[in-house]
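Colleague: Structure of the sequence below:
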Amino acid sequence: MAFMLKLPFVDVVSDGSLKHTYVNGKKLGYEFQIRLSNYRGHYLSCLKELSIKVDDEAVNPDDIAFCLRDKEFTIKQLPSLVSEFWNLIEPATIKVYLPDSLKDGAHEIEVTMQLRIPYMATPGSKHSHDYATLDSSGHKVLTI
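Modeller: Numbering: from 1, shown residues only. Sure, this is the predicted structure:
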């Protein structure tokens, strides 16, 4: 039995945060900020799912970096990050490394983000590893 919470405290996709990503003067992609929509922070290892769509097109997870406090992680690294804590009021930056992939203008950003809640076992579950899930997904149109 799936048990999922949705606590819409804040917009997940941060206003005005979409911009091109440059490295050594070369445009390598784009980035934007996201926040947790919850009442407390979470360890990055609790991220069960993190996927991005831009203008209804799924972004390849291999092209996404999750950035927090000047550290950059791949999506595949997230399950092992048991000591990296994402504070509630702290924005994270999502970087998508696709050169020349996003033209100037308005774009719909959709973030699907689900977190395992490690202190809330699923009621009636027969398995000790079943936990409730927090749906911290969101979408917004941003201009670059």
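Colleague: in the chain, what secondary structure element scores lowest on mean pLDDT?
Modeller: Among the helices and strands of the chain, strand 4-5 carries the lowest confidence by mean pLDDT, DSSP states H and E, at a mean of 55.
Colleague: which stretches of the chain have low pLDDT?
Modeller: Applying pLDDT under 70 to the predicted model, the residue ranges of the chain that meet it are 1-10, 118-129.
Colleague: so after the single longest strand found in the chain, what's the next helix or strand?
Modeller: Among all segments of the chain classified by DSSP state E, the strand with the greatest residue count is strand 106-121. For strand 106-121, the succeeding helix or strand toward the C-terminus, using DSSP states H and E, is strand 131-135.
Colleague: what about dumping the CA coordinates of that next one to CSV?
Modeller: This file holds the C-alpha atoms of strand 131-135, laid out as CSV (Å, rounded to 0.1, in the frame of the first residue of the first chain):
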residue,chain,number,x,y,z
TYR,A,131,8.2,4.1,4.4
ALA,A,132,5.8,6.9,3.6
THR,A,133,6.7,9.1,0.6
LEU,A,134,6.7,12.9,0.4
ASP,A,135,5.7,14.3,-2.9
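Colleague: and it, which residues are buried?
Modeller: Residues of strand 131-135 classed as buried: 131, 132, 133, 134, 135 (neighbour count, 16 or more other Cβ atoms under 10 Å). To be clear about C-beta, it is placed using only N, CA and C from the backbone, and glycine gets the same treatment.
Colleague: Repeat that for stretch 52-69.
Modeller: When burial is assessed from 16+ other Cβ under 10 Å, stretch 52-69 yields the following buried residues: 52, 54, 59, 64, 65, 66, 68.
Colleague: Now do the strands in this structure.
Modeller: Under the criterion DSSP E, strands of the chain are mapped to 4-5, 19-23, 26-34, 42-43, 47-54, 57-58, 64-68, 71-74, 85-86, 92-96, 106-121, 131-135, 138-143.
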